[in-house]
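> just coords:
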């Protein structure tokens, strides 16, 4: 029988999953609401996927929620969920992924679940994020789902 203390031998530090309940709760709410708009109501044309690779064909970065355009095989929107200590790192990740332009990402969000604040970065914003939860691509405020 596998015991909790045995898990340290199964996972190295770089393979550990970061999944505090508050973090996962936000991902679940966002993905659930967006999935309803995509699958059931057909009000958005981007499919939300939680914790999915940006490139299915090879190892790639993973965002907390991605919104995929299945017709163009692009990912126009990514969302990162963080707490105050991880904010700078996640914002840097979002800006880098967008500006590198490998995946067609045009809009990225970072949500700090400790403070309830949002940052938005769009392709071409020159490295400066704005305080906003409004998606220009979806034409909706993402904060309403939380």
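Okay, I see it. Because the structure is a prediction, the values reported are computed rather than measured.
> what's the longest strand in the protein?
strand 74-82 (DSSP state E).
> That strand: how far from the chain's middle?
4 Å (C-alpha atoms, centre = their mean, to the nearest Å).
> Identify each buried residue in that strand, please.
75-82 (16 or more other C-beta atoms under 10 Å). The C-beta positions use only the backbone N, C-alpha and C, and glycine is treated the same way.
> need those residues in CSV with pLDDT and distance to residue 146, can you?
Shown next, in CSV, are the buried residues of strand 74-82 (pLDDT from 0 to 100; distance: C-beta to C-beta, whole Å):
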residue, pLDDT, distance to residue 146
75, 96, 21
76, 98, 21
77, 98, 16
78, 97, 17
79, 97, 11
80, 96, 14
81, 96, 10
82, 94, 14
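> what's the longest strand of the chain packed up against?
helix 21-35, strand 65-69, helix 87-100, strand 107-112 (3 or more C-beta pairs under 8 Å, 6 or more residues apart in numbering; DSSP states H and E).
> Strand partners (parallel or antiparallel) of the last one?
This means strand 107-112. Looking at strand 107-112 with DSSP bridges, its partner strands are strand 74-82 (parallel), strand 117-122 (antiparallel).
> could you give the angle of it to helix 21-35?
Following axes from the mean of the first three to the mean of the last three C-alpha atoms, to 10 degrees, one obtains 140 degrees for the angle between strand 107-112 and helix 21-35.
> Ok, the second one next?
If you take the same axes, to 10 degrees, strand 65-69 sits at 20 degrees to helix 21-35.
> Alright, calling it a day.
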